[in-house]
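Q: Build me a model:
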Amino acid sequence: MKHIIAALSLLILLTACREKAGEPQTETTGTAQAAQETSTATATTTGATGGTSSALAPDDKEFVSKAGMGGLAEVQMGNLAASKASSLDVKSFGQRMVTDHSKANEELQQLATAKGVALPTELGGEHKDAFDHLSSLSGADFDKQYMKHMVEDHEKDVAEFDKASTTAQDSDLKAWAAKTLPTLKEHLQLAKTVSSKLK
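A: Sure, this is the predicted structure:
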């Protein structure tokens, strides 16, 4: 009996909403359709702040995806360096990447979830190729190639985050990029210093 009352209440509520929206009431409106509409409404609001769906502009969404993939790569390669590097400076740098990028990744994950964007969970493309290449190296070869990659990678990161900190349309994303940028600049400087010691 409770189920019938609940279904009828839902049906009356949906009918009232339709009339307000200017849609005609039809005889075919049933509980299956009502349930479908309810689940659709729930799906569009999942993971959004304030119960509303917040779509990012295409450029903002692309930046979030690239930053997510880059952050994931930094952590995985940092773990590789912390265990494989022969130089203490390189090991230390790798550990710093794991610590700093894990923190940034958590912040980005919260932001992405709030904006309804899914972040990459596995390495792909050039990041996977670089990781696989570094995995095959050892000793001084690994150290040099890892640090060379870190310099190049952070040069790209600094440029992309610098751009996003001024041009991102989403204010939360713009603020996160601006907040993360100084750490990336520090990483770049440190990568150059460590790399120069390996020659």
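
Q: Going by neighbour count, which residues of the longest helix along the chain are buried?
A: Longest helix of the chain, by residue count under DSSP state H: helix 139-167. Residues 142-144, 146-147, 149-151, 153-154, 157-158, 160-161, 164-165 are the ones in helix 139-167 that count as buried (16 or more other CB atoms under 10 Å). Any C-beta I mention is one placed from the backbone N, CA and C, and that applies to glycine too.

Q: average pLDDT for it?
A: Helix 139-167 carries an average pLDDT of 97.

Q: which strands and helices sit next to that helix?
A: helix 58-84, helix 88-114, helix 125-135, helix 171-197 (3 or more CB pairs under 8 Å, 6 or more residues apart in numbering; DSSP states H and E).

Q: With mean pLDDT and mean neighbour count as new columns, can these be given to me in a markdown table?
A: Shown next, in a markdown table, are the helices and strands packed on helix 139-167 (pLDDT from 0 to 100; neighbours: other CB atoms under 10 Å):
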| stretch | mean pLDDT | mean neighbour count |
| --- | --- | --- |
| helix 58-84 | 96 | 19 |
| helix 88-114 | 97 | 18 |
| helix 125-135 | 96 | 14 |
| helix 171-197 | 97 | 17 |
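
Q: check contacts around residue 96.
A: Neighbouring residues of residue 96 by CB atoms under 8 Å, 6 or more residues apart in numbering: 78, 187, 190.

Q: residue contacts, the closest residue to the second one other than its chain neighbours?
A: Right, residue 187. Nearest-residue entry for residue 187: residue 154, 5.1 Å, with adjacent residues in sequence omitted and distances by CB to CB, 6 or more residues apart in numbering. Residues in contact with residue 154 (CB under 8 Å, 6+ apart) are 184, 187-188, 191.

Q: domains of the chain?
A: The record's domain parsing of the chain by automatic domain parsing lists 2-45, 58-197.

Q: Over the first one, what's the mean pLDDT, rounded is fine.
A: Averaging pLDDT along domain 2-45 yields 42.

Q: I'd say residue 80 and residue 132 touch.
A: No. The pair residue 80 / residue 132 is not scored as a contact, 10.6 Å apart, by CB atoms under 8 Å.

Q: Need the residues touching each of those two.
A: With contacts taken as CB under 8 Å, 6+ apart, residue 80 and residue 132 have no neighbour in common.

Q: Stretch 91-102: how far from the chain's middle?
A: Computed by CA atoms, centre = their mean, to the nearest Å, the separation of stretch 91-102 from the middle of its chain amounts to 18 Å.

Q: What sits closest to residue 121 if chain neighbours are left out?
A: Counting by CB to CB, 6+ apart, residue 121 lies nearest to residue 72, which is 7.6 Å off, once chain neighbours are set aside.
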